[in-house]
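1. sequence first, then the predicted structure:
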Amino acid sequence: MRNRSGIQGLASSPILVGAVTILVVIVAVFLAYNANNGLPFVSTYNLKAKVPNADALVKGNEIRIGGVRVGVVKSVVPIQESNGRVAAELALSIDKNAEPLPLDSTITIRPKSALGLKFLQVTPGDSSKGFAPGETIPLAAYEPEPVDIDEFFDLFDKLTRDAIRQNQAGFGNALAGRGPQLNEGIGALRRLVVSAGPVLRTIVAPSTDFDGFWRALEDISATVAPVAETQASLFVALDRTFAAFARVSRPYIQETIEKGPRTLDAVNADLPAVRPFFRSSARFFTALKPGAKAIGETSPIIAEALHAGVPVLNASPVFNKQLQPTAEALVDFQEASGVFNGLDLLIDTNNLLKPALKFIAPAQTSCNYVTLAFRNLVLSTGGGNDNGNWLNFITFAPAEGVNNEGSPASSVANGPERSNHLHYNPYPNTGAPGQPNGCEAGNEKYQPGQTVIGEAPVWAETTRGIESK
């Protein structure tokens, strides 16, 4: 009776009932507020984890192992690594029954819903060692998702949506009014499917390694991913290009397409006849290649010749006008009596002179001796005064010794003095047939202390003004 009366006394007191109610509400609010952070006064397994990008993960998001909630993210803090890269550090509160987490475990941030909510997925490894409380899961343990759903939806921005809308309008216009053709295409699709059966069986056969094709395609996609912006600019440029084509599609491109089949028929008919020409052209250009290379090396000389030839060509009309009277005079000369007899005698004369000229000609053509002789003659008579010209000369005393040039001699001068030696070459080489290729006369090197009669042992191969050929 005493207890019942106590309870009745407590229930009959409004102040006590209100106080108990407020206390229960406060406890409930506190528990509800901290529900995402775990229940209070419950021991947890606390770790830290580094990720390159928190990827919209926030405080209070779940931690899951095998799809089961095992903890919450206590905090997300940006950090900077020693190499200067920015990352995020997560404070993890995990249930004690998941302790210890193996050292080779991996973590991944995954979407929880299409609205952008995320959770941290932990995939335990099989290592016998685990993380101690307070340790940090390294950055290498993070395995990012290839593409999150929010990143996928970010593809459809305003520009992409406008482009899709334009594509749909273009496809609609392309299909409009083409019902019969579509029906024929659908009817032919059945035959295509029947015919494609053997092809598909061959494709999926183990020997074709069809799955390897997709792996290679994935590798190619990963390779071109860094140049995605370049590819985007390529498509923008293609859009401008096709827009330019669209402006001239009618009538120009349309007429080109219409004439294309007839052009192909004409080409197919003409190519067999043209093939021998192409083969001959290939041989011609192959044979022309050395000449083209030589022209490239001699092009400066050809350019100078053309530059010098322009004035000559400008004066050629006057010269051409004089050719006709000259030709008529030559015809009259040819028809005159005795001309052929004289030409025959001239031919005989040339035949007689040919051996001698062949031997003497190099003295001028290779050694320039005739020109040098006239030049020296002009120089010898060019000096003088008002009373006349005189020859330039220098006097010198003959060498002393036996048979020197200053007295009668019984033999050639041959010493004993170093300067008393005869140097005489009555028949020098001039590059004539049968002789060395050079110009010996006037180029002999004086040999002190030696008597040289005939061809000099040392002499230059050129004369002043012309190189030896």
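-> That came in fine, so what should we check first?
2. the longest helix anywhere in the chain packs against which elements?
-> Ordering each helix of the chain by length in residues (DSSP state H) puts helix 254-335 first. Counting contacts by 3 or more C-beta pairs under 8 Å, 6 or more residues apart in numbering; DSSP states H and E, helix 254-335 is packed against no other helix or strand. For glycine as for every other residue, the C-beta is placed from the backbone atoms N, C-alpha and C.
3. distance between it and the chain's centre?
-> Offset of helix 254-335 from its chain centre (C-alpha atoms, centre = their mean, to the nearest Å): 35 Å.
4. the helices in this structure, which residues?
-> Using DSSP H, helices in the chain cover 2-11, 14-33, 149-154, 158-175, 179-204, 210-224, 228-247, 254-335, 339-360, 362-365, 369-382.
5. mind listing what's buried in the last one?
-> Of all the residues in helix 369-382, those buried under the rule 16 or more other C-beta atoms under 10 Å are 369, 372.
6. with only the CA atoms kept, save it in CSV.
-> Provided in CSV are the C-alpha atoms of helix 369-382 (Å, rounded to 0.1, in the frame of the first residue of the first chain):
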residue,chain,number,x,y,z
TYR,A,369,99.2,30.2,-123.7
VAL,A,370,98.2,32.3,-126.8
THR,A,371,96.2,34.7,-124.6
LEU,A,372,99.0,35.0,-122.2
ALA,A,373,101.5,35.6,-125.0
PHE,A,374,99.4,38.5,-126.4
ARG,A,375,98.8,39.9,-122.9
ASN,A,376,102.6,39.9,-122.2
LEU,A,377,103.2,41.5,-125.6
VAL,A,378,100.8,44.3,-124.8
LEU,A,379,102.3,44.8,-121.3
SER,A,380,105.8,44.9,-122.8
THR,A,381,104.9,47.7,-125.2
GLY,A,382,102.4,49.5,-123.0
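7. so that helix versus helix 339-360, what angle?
-> Here the directions of helix 369-382 and helix 339-360 differ by 80 degrees (axes from the mean of the first three to the mean of the last three C-alpha atoms, to 10 degrees).
8. quick one: average confidence on the longest helix of the chain?
-> The predicted model gives helix 254-335 an average pLDDT of 86.
9. what angle sits between that helix and helix 339-360?
-> 100 degrees.
10. of the helices of the chain, which is nearest A88?
-> helix 149-154 (16.9 Å; C-beta to C-beta).
11. so, low pLDDT: which residues of the chain?
-> The model of the chain has pLDDT under 70 over residues 1-13, 15-17, 20, 27-42, 114-116, 145-154, 380, 382-396, 460-469.
12. got the domain ranges for it?
-> 1-33, 43-147, 337-469 (automatic domain parsing).
13. comparing the ones you listed, which comes out most buried?
-> Ranked by mean neighbour count under mean count of other C-beta atoms under 10 Å, those are led by domain 43-147, which reaches a mean of 15.
14. just to revisit the earlier point, so for A196, which of the domains of the chain sits nearest?
-> The nearest among the domains of the chain, by C-beta to C-beta, is domain 43-147 at 31.1 Å.
15. partner strands of the top strand by length along the chain, parallel or antiparallel?
-> Longest among the strand segments of the chain by residue count, using DSSP state E, is strand 68-80. Paired neighbours of strand 68-80 in the sheet (DSSP bridges): strand 62-65 (antiparallel), strand 86-95 (antiparallel).
16. need these in a markdown table (columns: distance to D239).
-> Listed next are those as a markdown table, based on distance: least, C-beta to C-beta, whole Å:
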| stretch | distance to D239 |
| --- | --- |
| strand 62-65 | 45 |
| strand 86-95 | 36 |
